[in-house]
Every structure is written in structure tokens, then in C-alpha cells.
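*Asks:* need a structure here:
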Amino acid sequence: SKLPQENSKLPQAVQSYPVFKVTPLYPNNESETDRIGSNAESSTVKGKKMTPEERLEKRVAEEVEFGWKEGDRSFDVRGAAAVGYGPRLKNFSPLAKNALDYFVHFFPFKHLRNVILPETNKCGQELYNNKWRNLTVGEFCSWIGIRYVQLYITLPSIHDYWKTEVEGVFPAMNMARYMSKERFFQINRSLKVAQTECEEQEILMFIEILNETFTDAIIPGSSLTVDESMISSRHAKLAGKKKIKRKPRPVGVEIKNLADSSSKINLVLEKNEDKAKMAAKEYHAELGATTACTLRLTKRYHGTGRTVFGDSWFGSVKTVLELKNRGLYSTCVVKTAHKNYPRELLGKMGTIKTGEHKSMIHEKHQLLAVNYQDKKLKQLISSCSTTLPGEPRVKVSRRTGLKEEIPRPKIFSEYCKAAGAIDVFNHFRTGMSGLEDTWRTLSPKLCQLAGLCGFIETNAFLAYQFFGDSSLSKVDHAGFRRQLANQLLNNNFDSVHAPGKLILRPKLSTNVGCEGQSHNLMKMDSRRKCFVCSNGGQFRKDNKTIWCCTCAGIKRPLCSPNTGRSCFSQHVDTGKFPSKVYRKSVP
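*Replies:* As a prediction, the model looks like this:
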């Protein structure tokens, strides 16, 4: 058998790498749940309470019965061809250089056109009737661009982004150049990202769309990492909200992730819901919560021979065996889920110093269990790798500055290199400030949507850093956010219009003027009818304004961009005050 079609361009040795066959783990029709099952240990025998010595003997007997033997492993069962190949982007132009190109690659634009825009327009018509005009791709990108501006420049209030005068140290953002404040809040209230009335189901459906988009955007390398992220929010009505004290952002929605270990790009997300809903998901009934979650995250890559790295929440003998039976190798840390792990047998082999390790092997299932003494004792379980010397850890003395190399087995050096991928991703996503921090809202749906938009932006940045042209100077994450916000606000997605349509949102230009003069708005003494509206414009003829443009040497009244009408931008584009030109169709 061969790997799936997605790996058709990988080296020939990798394409021909065999896929594991699903075989029963235990003979005589004995179920795996009976042997591996729960981590809880019985403390009684026939109604009598067991002493600590009896419990220890029982655990040792179970480990010996499972088949663990003392020994090292000097060969890697994966083979050289299945290790070390890197990720690559799918259907991505080699000419792409800027932030918007990478953002478009990871944003679900097909879903935007087919679902988000129609559903949002439908909701907007119900809420605002004739005051609503249909949302376009370009206008949506300007709206999300304003959100990314808030991520780069944080002001005390959302209303401050539409101020036109500097107040002390706070700049005049004047977002009305791109979208009126009224229109911004209309879109904010009407936004729908899926075809359902239930807001919680809407977010779950959008996560599935993101998973499809991410996995279609990149083919991962030989290593995958599973971990968790938090979308920070203290909203009282937020479904699935939980508190994890050890997290930098302890309160919010927990997201389980799968990422490519090399580029740190997230591939699959799964929202952690309440216990009843999680118990109804695939694999949960027969395998339990942690193993089931790991299998669901990696399901798209079953049978590809990749290696999965996970922390102690995911790590157990059961998880490693189930992944192996589905064609994936794995290396995980074992902490509390130690059922069938040779913890007591390894403990009887004596104490070890920093940089030393003890190991046992399981010949039947080709498992390797290693205790390694680093700063703390680490217990690892793996269906691959070896105990041969790996890349050492360099320790620098704070007092003398001298460097010391701490030896590490290959299994542990591989784990340390790959396991922190999602932690690095989370640092980029929320290290400076997360989109959920600046997107202030009372809606639990928008709280979660803000966090998911942060995943899209961070994926785009990591792809820009990893796959971008090395000959070009690259910007840091703050510079990437600034570049992305500018390009979204000044996008030209609506530059091509169907015949017979009116231009509802022309691109704003501020440097073109009548006879070479620049366009500037100034206040008049009294309100007058807008010159564009009263001469065949697309808005009401009796619209009055107190603003005028001085580019032609005379005061011509024009509706301000703050009104949401495009009279000023239409005048800027044409460079003159033509009569009834705004009704003409664009060829």
C-alpha cells in the first residue's frame, strides 16, 4: 500500500513506506479495555484493603505480565525515509510576498462568498430593512482590517478609532476613510458565519470550515504535535468556559490543536465542550476522553506514517498503541495515565543522575519506555525512535557563563524539538495581545470568533516566516500585523464589478486632485445639499451636509465619509464634479 494522494510529491522512499495493519493487541478475544482501560487502580482484594506493599507488588506483576523487558533500542523502526521531510504549502503562488497573500491562503474565502455574505445580508435585511446595503467581499475585508488595526494599536474605546482630531498622546485614526462607524456596527451585529440559528453550533461549524481550510492549505512534514490553546474570555454566557490555573490565560474556551511541528502552523482545532457532548463524540465510548481526542485530531493523517508528539494530557500506553494501529508513530510524556507503563520496574533499576536514562522495551508491540533525568524526571513512551545519543542540551552557567553539554537520548531530543510547537504558536497569537483582548464585545459568539480569527492571522504569519523568500528582508509579527491591516483596508477585491451594477464602495484615493490639487474636507458655516447626491447620485437627493471639498478653489458641498455615503470617495476617484456620472454602469 502507498501513502494518500497528498504525499504524491514526497520522496519515492516515503511514498512506498508501508502502512500499518490493524491487528488485535491481545489474543484469546481479550478486549483492550480490560487490559489497558482506566488508570485507576483497585485498592481492595475480595473486600480487604490492600497495604502499600501489596499494591506495589500488584503493579509490578501487571507490568511484567504485560511483557516489559529491560533493554535499549538501537534502531529506528520508522526507517530513514519517513523522518525529516518538511512541510510545504499547497496551491500557493511562488510570487506571493506580502502579508495579504498569506492571509488569503488560510482564510476560507470560498465559505465567505457562499455562506457568510448571504447569511449576513439576510440577517442585516431583517434587522435594518432599507437601511442595509449588501455586504461585499471587499467591504468585509475592510471590516476585518479595522479589527486587526485594533490589534496593532489599542485605544481605550472602540469609538476612538473614528476620531478625526488628535487628543494628547492618542492619534486620530479616522477609520471613516474606510468605513463609517454606523456601517461597522451594522456588520458587527448582523455577522453570521454558518447556516444555523444556534450561536454555539455556528461556532462549531465554523471551526470545521477552518479545519478544512488549514488542511487544504498545507501538507505537513514528518512530525505532528498535539496540545491545547485557550481563547481568553470571562463572558458569563460563554458555553464551555473553564478555568485552568496553570495557563497564562486561565479563563476561557479550551481548544485542542494539531500542528505541524516544523512550521508551527495549526492544522486541526477541536473545541472542548461539556462532558455530555464530549462523551457522544467519536471513539469516546470505547477508548476514553484523551485517546479519543488524539485520534479525532489526527484522523486526517491516519496511515501516513508520521510521528505524533504529545504532552502528559495525551500520553499513555493506550494512546500510543491506538495511534500505531492507525498508521501513526508517536512519542508522548507519561505522568498520571501510567496504566501498563513500567513505572515500578524502571524505579527498581536504581536512581539516575542528570543526563542519564533507563529504558525498557516491549518486543511484541515494539514499544520503548524511557525514564530520563533532566531538570526533573521525564517518563516517555514511544512506538518509534531509539536510545542512541541525540542532540545534547546546552547548559549555560549564570555565574561563570561557561557552557556545558548535557547528554540526551535521541527519543528525548526529538520530543523536546517538536513538543513545543503549539506553545510557540500561542505565544505569537496572544503574546503581545490577542484579538479576543481588543475585540471588546458582549456577544459570546463574537468572543470565540475573535479568537478563531487570531488563529488565521497567526497561521498566515508563521507561513510567511517559514516559507517566505529568504532573500527578502522579513518583518516581525508586529510589522506583519501592520502590513496586513493596511492591505485589508486598501484591498481591491471589489474592483471587478458585474455589468449594470452601481459602484457602492469605490477605492479611496487621497493624493489625486482636480488639476493636480489634493482633496481636503473642511466645515462650512451652514448645511447645504450634497452636490453629488443632488445631481443624480445613488443616495437621496435632499441629503444635506456641512462639509465641502476645496480642491477646485470653490466650496462644493459633499457628504462626509462618516455618514457611510461614498460621495467624497467618488469625487476623489473621478477628480471632478460631473453631472449624473454616478448612475452609469461600470463596463
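*Asks:* for residue 449, see how far away the closest residue to residue 107 other than its chain neighbours is.
*Replies:* Leaving aside its sequence neighbours, residue 107 sits nearest to residue 456 (CB to CB, 6 or more residues apart in numbering; 5.5 Å). No exception for glycine: its C-beta is placed from N, CA and C like everyone else's. Going from residue 456 to residue 449 by CB to CB, to the nearest Å gives 11 Å.
*Asks:* higher neighbour count, the two?
*Replies:* Per other CB atoms under 10 Å, whichever of residue 456 and residue 449 has more neighbours is residue 449, with 23 against 20.
*Asks:* so where's the stretch 1-150 of the chain shaky on pLDDT?
*Replies:* 1-48, 81 (pLDDT under 70).
*Asks:* quick one, strands of it?
*Replies:* For the stretch 1-150 of the chain, the strands defined by DSSP state E, counting those that start in this stretch cover 44-45, 48-49, 69-70, 88-89.
*Asks:* would you point out which residue is most central in this protein?
*Replies:* The structure's the chain has its C-alpha centroid closest to residue 455; by CA atoms, centre = their mean the separation is 2.9 Å.
*Asks:* so who does residue 385 touch?
*Replies:* 73, 76, 78, 331, 368, 410, 411, 414 (CB atoms under 8 Å, 6 or more residues apart in numbering).
*Asks:* could you rerun that using 6 Å?
*Replies:* 331, 410, 411, 414 (CB atoms under 6 Å, 6 or more residues apart in numbering).
*Asks:* can you redo these as TSV, where the extra columns are pLDDT and neighbour count?
*Replies:* Formatted as TSV, these follow (pLDDT from 0 to 100; neighbours: other CB atoms under 10 Å):
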residue	pLDDT	neighbour count
331	94	25
410	93	17
411	93	25
414	93	25
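*Asks:* what bridges to the residue lying closest to residue 455 once chain neighbours are set aside?
*Replies:* What sits nearest to residue 455 in space, not counting adjacent residues and going by CB to CB, 6+ apart, is residue 266, at 5.9 Å. Under the criterion DSSP bridges, residue 266 forms beta bridges with residue 259.
*Asks:* pull the residues that contact the helix or strand hosting the residue nearest to the centre of the chain.
*Replies:* For residue 455, the host element (DSSP states H and E) is helix 444-467. Residues from elsewhere that reach helix 444-467 (CB under 6 Å, 6+ apart): 89, 102-103, 106-107, 199, 203, 231, 233, 235, 237-238, 263-266, 428-429, 434-436, 439, 477, 480.
*Asks:* please, a ChimeraX command that selects the buried ones among those residues?
*Replies:* A single ChimeraX command is used to select the members of the contacts of helix 444-467 judged buried by 16 or more other CB atoms under 10 Å:
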select :89,102,103,106,107,199,203,231,233,235,238,263,264,265,266,428,429,434,435,436,439,477,480
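*Asks:* which of the contacts of helix 444-467 fall in helices?
*Replies:* The helices, defined by DSSP state H, take in 102, 103, 106, 199, 203, 428, 429, 435, 436, 477, 480 from the contacts of helix 444-467.
*Asks:* need these in JSON lines (columns: distance to residue 137).
*Replies:* What follows is the ones in helices among the contacts of helix 444-467, written out as JSON lines (distance: CB to CB, whole Å):
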{"residue": "102", "distance to residue 137": "18"}
{"residue": "103", "distance to residue 137": "13"}
{"residue": "106", "distance to residue 137": "16"}
{"residue": "199", "distance to residue 137": "24"}
{"residue": "203", "distance to residue 137": "22"}
{"residue": "428", "distance to residue 137": "27"}
{"residue": "429", "distance to residue 137": "25"}
{"residue": "435", "distance to residue 137": "20"}
{"residue": "436", "distance to residue 137": "24"}
{"residue": "477", "distance to residue 137": "26"}
{"residue": "480", "distance to residue 137": "22"}
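*Asks:* can you give me the strands for the stretch 451-587 of the chain?
*Replies:* 521-529, 544-549, 556-557.
*Asks:* will you turn these into CSV that also has distance to residue 572, mean pLDDT and mean neighbour count?
*Replies:* Shown next, in CSV, are the strands of the stretch 451-587 of the chain (distance: least, CB to CB, whole Å; pLDDT from 0 to 100; neighbours: other CB atoms under 10 Å):
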stretch, distance to residue 572, mean pLDDT, mean neighbour count
strand 521-529, 10, 76, 12
strand 544-549, 8, 80, 19
strand 556-557, 12, 78, 20
